[in-house]
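**Q** Just the structure for this:
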Amino acid sequence: MIHHIELYVSNLEKSKSFWSWLLNELNYTVYQEWDRGISYKHGDVYIVFVPVEDGFDEPNYHRKRVGLNHLAFHAQSKEQVDNLAKRMKQKGIRLLYEDRFPYAGGSEHYALFAEDPDRIKVEIVALEC
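**A** Numbers count the residues shown, from 1 in each chain. Below is the predicted model of the structure:
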């Protein structure tokens, strides 16, 4: 079981804006918050966001380089996936594979794919398929 994940972000406020509402929708709660970071917890697992240290912000993150490809989260239902997709569009969040939504991951994989402010791919998968 994963204990926690910590991500460096380019702009903490932009990341908080994106992740706070999304993780709240997925039943995470704020776990810790300090002037240089924030974490969200669900069960025993938590995710931490902190600003990248000066001098380490180049090159920018890209999921196709060595390292993290994406984070995938469980949704409670297909309806939740649909609702999150609609809200992300309203918020101007970039959706990935929109032309194949909700089956971009395959005909039996009901999911939403989007990017956070640093272009980290986020996947929300319906539990019922």
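
**Q** roughly how far apart are R100 and R65?
**A** Distance of R100 to R65, given as CB to CB, to the nearest Å: 24 Å. Just so you know, the C-beta spots here come from the backbone N, C-alpha and C atoms, and that holds for glycine as well.

**Q** ditto for R119
**A** Taken as CB to CB, the span from R119 to R65 is 11 Å.

**Q** K121 bridge partners, please.
**A** H70, E115 (DSSP bridges).

**Q** Please look at it and F113 and confirm they touch.
**A** Yes: at 6.3 Å, K121 and F113 qualify as touching, with contact defined as CB atoms under 8 Å.

**Q** neighbour-wise, which of R119 and R65 wins?
**A** More neighbours surround R119 than the other of R119 and R65, with 13 against 10 (other CB atoms under 10 Å).

**Q** Just say helix, strand or coil for that one.
**A** Per DSSP: H, G, I helix; E, B strand; the rest coil, the local secondary structure of R119 is coil.

**Q** Nearest residue to it in space, please, no chain neighbours.
**A** Y61 (6.3 Å; CB to CB, 6 or more residues apart in numbering).

**Q** Three-state assignment for the one you found, please.
**A** Counting by three-state DSSP, the backbone at Y61 sits in coil.
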